[in-house]
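Q: what's the 3D shape of this:
(4 chains)
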Protein chains: 2
Amino acid sequence: MKRPTIHDVAAAAGVSRGTVSRVLNGDRYVSTAARLATERAIAETGYVVNRTARSLVTQRSGSVVMVLSEPHEKIFEDPNYSTSIRTSIRRLAERDLSLVMMIAGDAGDRDRVLRYVKGGHADGVLLLSTHAGDPLVDALHDVHIPVVSLGAVIGRENVIPYAACDERGGAQQMTRYLVEQGRKKIAMITGPMDTPGGIQRLEGFTDVLGRKASKKLIEHGDWTRLSGESAMARLLERSPDIDAVFAASDVMASGALTTLRAAGRRVPEDVALGGFDDSDVAMSTHPALTTVRQPLAEIAERTLSILLDLIDGAEHVPSVALPTQLIVRDST
Amino acid sequence: MKRPTIHDVAAAAGVSRGTVSRVLNGDRYVSTAARLATERAIAETGYVVNRTARSLVTQRSGSVVMVLSEPHEKIFEDPNYSTSIRTSIRRLAERDLSLVMMIAGDAGDRDRVLRYVKGGHADGVLLLSTHAGDPLVDALHDVHIPVVSLGAVIGRENVIPYAACDERGGAQQMTRYLVEQGRKKIAMITGPMDTPGGIQRLEGFTDVLGRKASKKLIEHGDWTRLSGESAMARLLERSPDIDAVFAASDVMASGALTTLRAAGRRVPEDVALGGFDDSDVAMSTHPALTTVRQPLAEIAERTLSILLDLIDGAEHVPSVALPTQLIVRDST
DNA sequence: TGGAAGTCTGTGAACGTTCACAGAGTGGGA
DNA sequence: TCCCACTCTGTGAACGTTCACAGACTTCCA
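A: This is a model prediction of the structure:
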């Protein structure tokens, strides 16, 4: 009942262990006769290579670890997660690499990740929604293992390559659009200021508005619905004559919408409302949200391409920022 | 620059390889002196055990694979994914097991999963949103490895243990509630009929309505927003006097809401609308959705408990169905 | 015809652990 | 006092691969 090993295959094929190994790894210098016999023996015995044994000698683990940041578990909204994970699995599988998931929440978690990677159990690391100042980032970088991030790592843009959307440009698109619609008093609800989406979407906003962007019209949220609601309330209280709001995420926009409605403001007649992400909620609110779409699938693809290049030995792979698209619906 | 091995630690501690191994694995029969010296040497050298080498001899992989079903990628809505994955990582990490993600979409994918598991690279399998008739389920079961599913596997309820919410009971709660509210013509939008949520939520619906539940008032969706929209349109066309709709998911309910609004129906005045899941969208629609909450986190917890018990050698672990909770909001 | 270059094969060693075993030392009860 | 049981330690073998090397055989050109 034991699993067949390379020896069993060799015996069945009438060749040596070495030849079977060569066939397995597609090496040159194997006669067709030997190759055929081996392939047949593999099929007959139902042999499947033991990666563990292989890893032990090759010193490559055959897997990549994806590190999920915990504290801001809402940062990457769920659709992003799903897309990123699926894309990662796909791309890695093509190369016979497997994806191991880990969480980096408290110090214990970080320690576990570091031990894992230092133990040589990963050929590369994929960072997801890492927040500014996370000590794990530098620690991983010191291990000299390929590390890439899905979305920039604030403060480490030049050391950890990444793929992301053009956060700043996207925010500019939305802001410019609101201005063009004739809105005069445009407020913004930002994301947390230790995330790229938080910082750069605000930058895009102020880029367009210049000094007209008064600090009074900016409130910070934490990506959650609830934070959108309360940020909107603060804005209304301070400046009741707001006629447009740009929320840094659709989810926060949906929260803002609730507050606006409760305050008797009509959207879009009294107040225009813009979101970001083009996630599912953008379609489920009423009115449907005008928003900025980011090419999630492609971002994930590019992130993986970078990682694979690094694993293949590339020295420096440039980061990429993909263009966003303004999606106009009924809320503006 | 090489990673320290158990030999290096042994040398540094002045003990033998065997003793270090015993310390590492918490075996009995290690003198305190030896233990202390070893622990110190481990700290000094920065040693971390090589799981690959360990796996090779112990024949245990130290990892569990989570299999995501692809075709119905919308089945388990995203919040579920995120919660399940996080909970899984957590629970496994406590036992020093790692989580490997795989996709089971086409035959090639399934083959890869099977090869991986047959190769002895997983100590257990965690199935997510597997649909009825998936050949992988039986194939995995034949490998004689612990397999558990998050949510029942239709047709294999007695062979693959699972944790889920009480789908049927939850649907009964909602239906009964709509009846109590005085609604006379209650329609249902179901999920796909090869998923537990699709089948059992419909069962709960007909349980309560009995013969009053005419087939004319039942339409099938595929969990997506769009399918909710079109199912609602078909229902309205067939029975314009509907005064309540129970959608098997919040997302489909949100689609139904769009259609109702377009048709000039007021919610809840003309038509009451109920959802299922209590996901994020339930709060972002207007009016906010009355829905059935399922205890996602606990479902994930219980699923993992079952898996860990099986890995520990338990023969049969019973499946569990956790109670749901009716959440009344503004749509009814 | 000789030998260099190229093709193909088998074998020993290594990767870093755990496990089983054997042996040494200690203490206590008959 | 002797022996048995218990505690502790070190060592060889094994897990299933890949890699480097050595050797055999073929081909082709000078």
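
Q: Taking their axis directions, the least confident helix or strand in chain A by mean pLDDT and helix B:78-94 sit at what angle?
A: Scoring the helices and strands of chain A by mean pLDDT, DSSP states H and E places helix A:78-94 at the bottom, with a mean of 84. Orientation of helix A:78-94 against helix B:78-94 (axes from the mean of the first three to the mean of the last three CA atoms, to 10 degrees) gives an angle of 60 degrees.

Q: same for helix A:78-94, what does it pack against?
A: strand A:63-69, strand A:98-104, strand A:124-128, helix A:296-311, strand B:63-69, helix B:78-94, strand B:98-104 (3 or more CB pairs under 8 Å, 6 or more residues apart in numbering or on different chains; DSSP states H and E). (Glycine included, C-beta is placed from N, CA and C.)

Q: between those, which gets the lowest average pLDDT?
A: Ranked on mean pLDDT, the bottom entry among those is helix B:78-94, at a mean of 84.

Q: on that earlier part again, can I get the helices and strands packed on helix A:78-94 in JSON lines with mean neighbour count and distance to DNA strand C?
A: Formatted as JSON lines, these follow (neighbours: other CB atoms under 10 Å in any protein chain shown; distance: least, CB to the nearest atom of the strand, whole Å):
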{"stretch": "strand A:63-69", "mean neighbour count": "24", "distance to DNA strand C": "17"}
{"stretch": "strand A:98-104", "mean neighbour count": "22", "distance to DNA strand C": "19"}
{"stretch": "strand A:124-128", "mean neighbour count": "24", "distance to DNA strand C": "20"}
{"stretch": "helix A:296-311", "mean neighbour count": "21", "distance to DNA strand C": "20"}
{"stretch": "strand B:63-69", "mean neighbour count": "24", "distance to DNA strand C": "16"}
{"stretch": "helix B:78-94", "mean neighbour count": "21", "distance to DNA strand C": "18"}
{"stretch": "strand B:98-104", "mean neighbour count": "22", "distance to DNA strand C": "16"}
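
Q: ok now do the residue in the stretch 51-200 of chain A that DNA strand D sits nearest to, which residues does it touch?
A: Minimum separation of the stretch 51-200 of chain A from DNA strand D (CB to the nearest atom of the strand) falls at residue A:53, amounting to 3.3 Å. Each residue near residue A:53 by CB atoms under 8 Å, 6 or more residues apart in numbering or on different chains is listed here: residue B:56.

Q: Helix B:51-58 and the helix or strand in which it is found, what's the angle between them?
A: Here residue A:53 sits within helix A:51-58, counting by DSSP states H and E. Here the directions of helix A:51-58 and helix B:51-58 differ by 130 degrees (the same axes, to 10 degrees).

Q: Please spell out which residues along helix A:51-58 are buried.
A: Using 16 or more other CB atoms under 10 Å in any protein chain shown as the test for burial, helix A:51-58 gives A:51, A:52, A:54, A:55.

Q: Among those residues, name the ones that also lie close to chain B.
A: On the criterion CB under 8 Å from any CB of the partner chain, A:51, A:52, A:55 are the entries of these that sit beside chain B.

Q: need the contact list for the residue nearest the centre of chain A.
A: Taking CA atoms, centre = their mean, the centroid of chain A lies closest to residue A:150, which sits 3.6 Å from it. Taking CB under 8 Å, 6+ apart as the contact definition, residue A:150 lies against A:76, A:84, A:126, A:127, A:128, A:129, A:162, A:163, A:164, A:299, A:300, A:303.

Q: Mind doing that once more with 7 Å?
A: A:84, A:126, A:127, A:128, A:162, A:163, A:299, A:300, A:303 (CB atoms under 7 Å, 6 or more residues apart in numbering or on different chains).

Q: Dump the helices and strands packed on helix A:78-94 into CSV; add distance to residue B:231 as well.
A: Output for these, formatted as CSV (distance: least, CB to CB, whole Å):
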stretch, distance to residue B:231
strand A:63-69, 35
strand A:98-104, 35
strand A:124-128, 35
helix A:296-311, 27
strand B:63-69, 22
helix B:78-94, 21
strand B:98-104, 28
